[in-house]
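>>> I'd like to go over a predicted model; first the sequence, then the structure.
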Amino acid sequence: MTKSNKTSEIRISHLRVGWALFKRDLIERLLSPVTYIGMTLVCLLSTFMVINYLDTLEKLSIIVSVDPSSATLFFAVIFMALYLGVTSSMAIAQEREHRTLEVLFCGPITYTVFVLSKFFRDVTVFFIFLIVLTGFLILESEIANLAIGPKSLQSIGLSFFLIWPTLAFCLLISSLAKRVRIAILIFVVVIFILGIIQIAHSFLFSMPPDKISLFLLYIRQVLAIVLDVLQWISHISYIAAATGDMPVSIPISLFWYVLVGVLYSFCLLFFAITIMRKRGIYG
């Protein structure tokens, strides 16, 4: 047998193991009631937000709304991204903490196959959620007489790709953490910091120019620069772009922004694989 044939057989073996690992994790996730509880809570929370949205329209005497379903979509995607972010940040750390990595890597598996199987499992779960969400939006439109606009349909398609940076970033966190609690803590802290930056930016830019001090004016400019950078490296910015709520304008078309997000995701996955390879199965 030639060397090239042996190499191709090894690659096929790795792919088979990766596919088996992907199916195992996906079936485990789909059989878990937590997944469906999470989807149900996401839909219920989104419904609550829509009720508030409709109350606001009534108070403002707005009869026609361009895309009323976008409010449901925005909160549903954000909540589901947070849920998957927590589970993704636990993925590798949980395997390491439970010592199952030692068993997995006794077989023909590589760090690349292992990380990618975790990543595409969560991508598949999110795709299933989008199918459920689309059905929920159709049902909601029939009950509440809220039309599903083209913007919502576009956002559903975009969110499938623009959630990839979130999943990849959380796997990177999981590859760094030795314990599940540490991984979740890092994820929460990052979300908190990004949220504070966005809230501070929105608050300062809402202040009238004649009532803002020079110090706060400098802070506002700094935050504007920070947000310009974060729109490329923050996973939250990509989700916001999918739901049409970017904090700052994108200097390129949305199609290229999606492409950048996908490439950025694989860069994060590359770092996660590199970290795992250097730290080994024992961390």
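Alright, I've got the coordinates.

>>> where in the stretch 1-150 of the chain is pLDDT low?
1-14, 53, 57-58, 60-71, 102, 105, 107, 144-150 (pLDDT under 70).

>>> now do the stretch 151-283 of the chain
Low-confidence segments of the stretch 151-283 of the chain (pLDDT under 70): 209, 242-252, 281-283.

>>> 80 instead?
151-155, 195, 198-199, 201-217, 227-228, 231, 235-237, 239-255, 280-283 (pLDDT under 80).

>>> Could I get the full set of strands for it?
Applying DSSP state E, counting those that start in this stretch to the stretch 151-283 of the chain gives no strands.

>>> residue boundaries of the strands in the stretch 1-150 of the chain?
Assigned by DSSP E, counting those that start in this stretch, the stretch 1-150 of the chain shows no strands.

>>> Pull out the buried residues from stretch 119-128.
Under the neighbour-count criterion of 16 or more other C-beta atoms under 10 Å, stretch 119-128 has 119-123, 125-126 buried. Quick note: C-beta positions are derived from backbone N, CA and C, even for glycine.

>>> Skip the chain neighbours and tell me the closest residue to residue 79.
Counting by C-beta to C-beta, 6 or more residues apart in numbering, residue 79 lies nearest to residue 42, which is 4.4 Å off, once chain neighbours are set aside.

>>> tell me the contacts of that neighbour?
Residues in contact with residue 42 (C-beta atoms under 8 Å, 6 or more residues apart in numbering) are 76, 79-80, 83, 129.

>>> any chance of the buried residues of stretch 119-128 in TSV, with distance to residue 192 too?
Below are those laid out as TSV (distance: C-beta to C-beta, whole Å):
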residue	distance to residue 192
119	24
120	28
121	27
122	22
123	25
125	25
126	23
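
>>> ok, so of these, who is nearest residue 280?
residue 119 (20.1 Å; C-beta to C-beta).

>>> Tell me which stretches of this protein form helices.
Along the chain, the segments classed as helices by DSSP state H run 3-31, 33-59, 69-97, 100-104, 111-144, 150-162, 164-176, 180-206, 214-233, 235-242, 254-279.

>>> Can you tell me which of those helices is most buried?
Compared across these, helix 164-176 shows the largest average neighbour count, a mean of 26 (mean count of other C-beta atoms under 10 Å).

>>> Alpha carbons only: can I get that one in PDB?
Coordinates of each C-alpha in helix 164-176 appear next as PDB, following Å, rounded to 0.1, in the frame of the first residue of the first chain:
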ATOM      1  CA  TRP A 164     -21.300  31.200  13.700                       C
ATOM      2  CA  PRO A 165     -18.900  33.700  15.300                       C
ATOM      3  CA  THR A 166     -20.800  33.300  18.600                       C
ATOM      4  CA  LEU A 167     -20.600  29.500  18.500                       C
ATOM      5  CA  ALA A 168     -16.900  29.600  17.500                       C
ATOM      6  CA  PHE A 169     -16.000  32.200  20.200                       C
ATOM      7  CA  CYS A 170     -17.700  30.100  22.900                       C
ATOM      8  CA  LEU A 171     -15.800  27.000  21.800                       C
ATOM      9  CA  LEU A 172     -12.600  29.100  22.000                       C
ATOM     10  CA  ILE A 173     -13.600  30.000  25.600                       C
ATOM     11  CA  SER A 174     -14.300  26.300  26.300                       C
ATOM     12  CA  SER A 175     -10.900  25.200  25.000                       C
ATOM     13  CA  LEU A 176      -9.300  27.700  27.400                       C
END
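
>>> Tell me what angle it forms with helix 254-279.
10 degrees (axes from the mean of the first three to the mean of the last three C-alpha atoms, to 10 degrees).

>>> Name the residues that touch helix 164-176?
81, 84-86, 88-94, 115, 118-119, 122-123, 126, 183, 186-187, 190, 235-236, 238-239, 261-262, 264-266, 268-269, 271-273, 275-276, 279.
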